[in-house]
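J.: Let me see the structure of the following:
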Amino acid sequence: MKQLFILLFLLLVPALASAIVLNGTLQDDSGHPFANTKIGIMAGPSQDTDSKGQFSLSLTRDFVSGERVIIRVSKPGWVIFRPIEGEWNLPNDRYQQVQTSTVILVPKGSKKLWENQRIEQFIARLSDKLSQARNELVKAGQTPRPVDFSSYLNEWGEQYGFTPEEVRTQFDLWARQAAVSKELNTRALAEFYRKNFADAAHLFEEAAKQGEARQKALEEAERQNKLEVYSNWKGAGNSYVAMYRFDEALVAYQKAQAVVANRNDFPMAWAEIRVLMGNTYSQIAGQADAAHFAVATMCYNEALQVFTQEALPLQWATTQNNLGNALIAQGVRLEGIAGQNCLREAVAAFRKALEVRTQDALPRDWAMTQSHLGHALTALGEITEGQESIILLREAQDACLKALEVQTQYLMPWDWAMTQSNLGHALTVLGERAERQEALILFREATEAYQKSLKIQTQDVMSPDWAITQENLGNVLKSLGEITNGIESYPLFQQAVDAHLKALVFFKREIWPADWAAAQNNLGVVLNSQGKKTDGVEGLYLFEDAVAAYRKSLEIRTREAYPYEWVKTQYNLANALGNQGERTEGLEGIHLLKEAVDAYQVLVLYARECDLTQMETEMQFILSITKSMLDLRLIMETGEDP
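T.: Next up, the predicted model:
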């Protein structure tokens, strides 16, 4: 720290060109101001006080806030009483306009100068000077001489207007009193003054140890205070989660995270809050983008840096389980290889969790992870082709059935319901890959599983799980209706429609826009399938309702926001328009077929722009069929040659 000599300020005003401006008043110990008195900084600015003893000094940019400076006053016969030795620390810039101070002078020889604090500060400085002087003698190769404080004491006496005898007498008196002080530091200074350097060293060491102990206590108190603040922010986040107010929960968790940002100081809390944030990122309402869940997976992976299998196996397994769930959510929102990779990572995460969550040691956790594993395997099997798909789906079925060995409706109703839903999904996808007779069995088993789940997930609870299960039930009832003969299919389609409508009761567009759009799309699929199996006007009405549902879905599922979902719904719309146009007579039917052609052309252009060759080929084929149908209708209805 460079030695600066500056007057003490009273009030700091806004700095000009980033300089510190010092304002203050110079007065005696009775409060009378000193007018026209020079005050300033050695090698720096100085000025005369005004008639009221006030001054204002603008420091150069060499001076920075927090730096120690020393005041100098040109007033013969007077010395600075406050601040002691004229020392002051420059304030922070933001306090320049609010902090005040006063420089106080007393006559030389004033008894007020015989204060313990001033003497002790001098002795402390004296020890520094002596150490430096000894060091210089050693460098010069001289033999150290006996310690003599006389020159330093005489200099001090001359500075403040006392004779050497007065200084010695007063310092000796101070030393006798300080030697019995309760403060080790004060006693150490007294022994140093008495030249009992061994005793001084011992007392300084003991004082330092006491200080270290106090510092550790303060640090621990600060640590505990931080943990308390962290715990309260975490508790606020947990409370918001309980109310499904995930955005507010995330804000609270982020504040908790900031408190324990240093991993080395708070490793457990540091990892714990990342798990909670990962959970919340996975649950925020209305979010359907894969990137959102990628943040959750990042949080879990960070937590696993602390929650290792060797050190903290239970926390490690829980985090692996949560990581798997986030990877499922991310994987089902990604296309192609990226989605498959996420789902494979999810399967791997659940299998890792099961290394610790065994059936014997942790039966409840084991069953829950088995259920989640079944979910991941189903999602992976759904986007995998050939025999591998069947193997994955059978493994999913097996995992769910294992979970149900522990999870019973009466002991673990909510877990049992979730696993029944996961089992239903696995059976549904298996049925979609099976021949008709086997598919009938699998779809019926899936329906039964979903219906069991809905015994617990009631409408009164109105949770997302209830709505999602209604959606899944509607989907399997639709599939069952498609392969059921005759009038027996009608009630199945009607039940499917009812299930999707129930889901829409929960999935409000303004709260759950992505899920609302998905439910509208699924409703349209059921209505379109039912329309294919329904003759006459009633069938046309079903196609019309399907088209309306798809159009609603596309209000949210735009190409920009949800490209993958947009493709599926755009295709469904084109298909329903084609079905409706084919059944509708006259110009209205021609108009509907033209709309279908336009919808397919949009998909062809999209596939071409995205270099999706297979999709473009398939869409071109369907488009050509729809165009041929339109051309035939134009000839039949208008006699025009298209």
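
J.: And the pLDDT at Asp535?
T.: On the pLDDT scale, Asp535 is placed at 89.

J.: distance of it from Gly524?
T.: 20 Å (C-beta to C-beta, to the nearest Å). Heads up, the C-betas are built off the backbone N, CA and C, glycines and all.

J.: same question, Val597
T.: The value you get for Val597 to Gly524, if C-beta to C-beta is used, is 19 Å.

J.: neighbour count winner among those two?
T.: Gly524 (26 against 20; other C-beta atoms under 10 Å).

J.: got any ranges where this structure has weak pLDDT?
T.: 1-19, 43, 61-62, 64-66, 91-100, 133-145, 285-290, 459-462, 639-642 (pLDDT under 70).

J.: rerun at 50
T.: 1-17, 95, 97-98, 285-287 (pLDDT under 50).

J.: quick one, longest helix in it?
T.: helix 197-242 (DSSP state H).

J.: same for that helix, what does it pack against?
T.: Judged by 3 or more C-beta pairs under 8 Å, 6 or more residues apart in numbering; DSSP states H and E, helix 197-242 is in contact with helix 184-193, helix 246-259, helix 267-283.

J.: Among these, which comes closest to Gly211?
T.: helix 184-193 (8.4 Å; C-beta to C-beta).

J.: Only C-alpha atoms, please: export the closest one in CSV.
T.: Below are the C-alpha coordinates for helix 184-193, written out as CSV (Å, rounded to 0.1, in the frame of the first residue of the first chain):
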residue,chain,number,x,y,z
LEU,A,184,-3.1,-10.2,25.3
ASN,A,185,-2.2,-7.8,22.5
THR,A,186,-1.9,-4.9,24.9
ARG,A,187,0.2,-7.0,27.3
ALA,A,188,2.4,-8.0,24.4
LEU,A,189,3.0,-4.4,23.4
ALA,A,190,3.9,-3.6,27.0
GLU,A,191,6.5,-6.4,27.1
PHE,A,192,7.9,-5.3,23.7
TYR,A,193,8.3,-1.8,25.1
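
J.: Identify the residues contacting stretch 496-509?
T.: 459, 462-464, 466-468, 470-471, 473-475, 477-478, 481, 512, 515-516, 518-520, 522-523, 526-527, 530, 556 (C-beta atoms under 8 Å, 6 or more residues apart in numbering).

J.: are any of those buried, and which?
T.: 464, 466-468, 470-471, 473-475, 477-478, 481, 512, 515-516, 518-520, 522-523, 526-527, 530, 556 (16 or more other C-beta atoms under 10 Å).

J.: Cross-reference these with the strands and report the matches.
T.: If you go by DSSP state E, the buried ones among the contacts of stretch 496-509 have nothing in strands.

J.: Show me those residues that map onto helices.
T.: Per DSSP H, the subset of those in helices is 464, 466-468, 470-471, 473-475, 477-478, 481, 515-516, 518-520, 522-523, 526-527, 530, 556.

J.: How about Gly278, nearest residue that isn't a chain neighbour?
T.: Spatial nearest neighbour of Gly278, chain neighbours left out: Cys299 (3.5 Å); criterion: C-beta to C-beta, 6 or more residues apart in numbering.

J.: from what I can see the one you found touches Val275, true?
T.: Yes: counting by C-beta atoms under 8 Å, Val275 is a contact partner of Cys299 at 7.0 Å.

J.: more neighbours, the two?
T.: Cys299 (27 against 21).

J.: So which of the helices and strands packed on helix 197-242 is nearest Gly374?
T.: Closest among the helices and strands packed on helix 197-242, using C-beta to C-beta: helix 267-283, at 18.3 Å.

J.: next structured bit after that closest one?
T.: Where DSSP states H and E defines the elements, the next helix or strand beyond helix 267-283 is helix 290-303.

J.: can you pull out the strands in the stretch 501-642 of the chain?
T.: Assigned by DSSP state E, counting those that start in this stretch, the stretch 501-642 of the chain shows no strands.

J.: Residue most distant from the centroid, this protein?
T.: Glu165 (69.1 Å; C-alpha atoms, centre = their mean).

J.: Could you measure from it over to Gln177?
T.: 19 Å.

J.: any idea how far Ile70 lies from Glu191?
T.: For Ile70, the distance to Glu191 - C-beta to C-beta - is 28 Å.

J.: And for Met243?
T.: Taking C-beta to C-beta, one finds Met243 at 65 Å from Glu191.

J.: between those two, which one's more packed in?
T.: Glu191 (20 against 9).

J.: how close does the more buried one sit to His292?
T.: From Glu191 to His292 the distance is 67 Å (C-beta to C-beta).

J.: and the nearest residue to Thr358 once chain neighbours are set aside, what does it touch?
T.: Nearest residue to Thr358, sequence neighbours excluded (C-beta to C-beta, 6+ apart): Trp366, at 5.8 Å. Contact partners of Trp366, counting by C-beta under 8 Å, 6+ apart, are 354, 357-359, 406.

J.: so Trp366, which of the three states?
T.: helix (DSSP: H, G, I helix; E, B strand; the rest coil).

J.: so how many other residues sit close to Thr638?
T.: 12.

J.: All the helices of the stretch 351-500 of the chain, in order from the start?
T.: 363-382, 386-406, 413-432, 436-456, 464-482, 489-506 (DSSP state H, counting those that start in this stretch).

J.: Adding distance to Leu227 as columns, could you present those helices in JSON lines?
T.: Output for these, formatted as JSON lines (distance: least, C-beta to C-beta, whole Å):
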{"stretch": "helix 363-382", "distance to Leu227": "27"}
{"stretch": "helix 386-406", "distance to Leu227": "36"}
{"stretch": "helix 413-432", "distance to Leu227": "32"}
{"stretch": "helix 436-456", "distance to Leu227": "38"}
{"stretch": "helix 464-482", "distance to Leu227": "33"}
{"stretch": "helix 489-506", "distance to Leu227": "39"}
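
J.: ok, now which ones touch Ala252?
T.: By C-beta under 8 Å, 6+ apart, the neighbours of Ala252 are 233-234, 236-237, 240.

J.: Quickly note the distance from Ser30 to Ile104.
T.: Where Ile104 is concerned, Ser30 sits at a distance of 10 Å (C-beta to C-beta).

J.: Name the residue in these two with the higher neighbour count.
T.: Using other C-beta under 10 Å as the criterion, Ser30 and Ile104 rank with Ile104 on top: 18 against 7.
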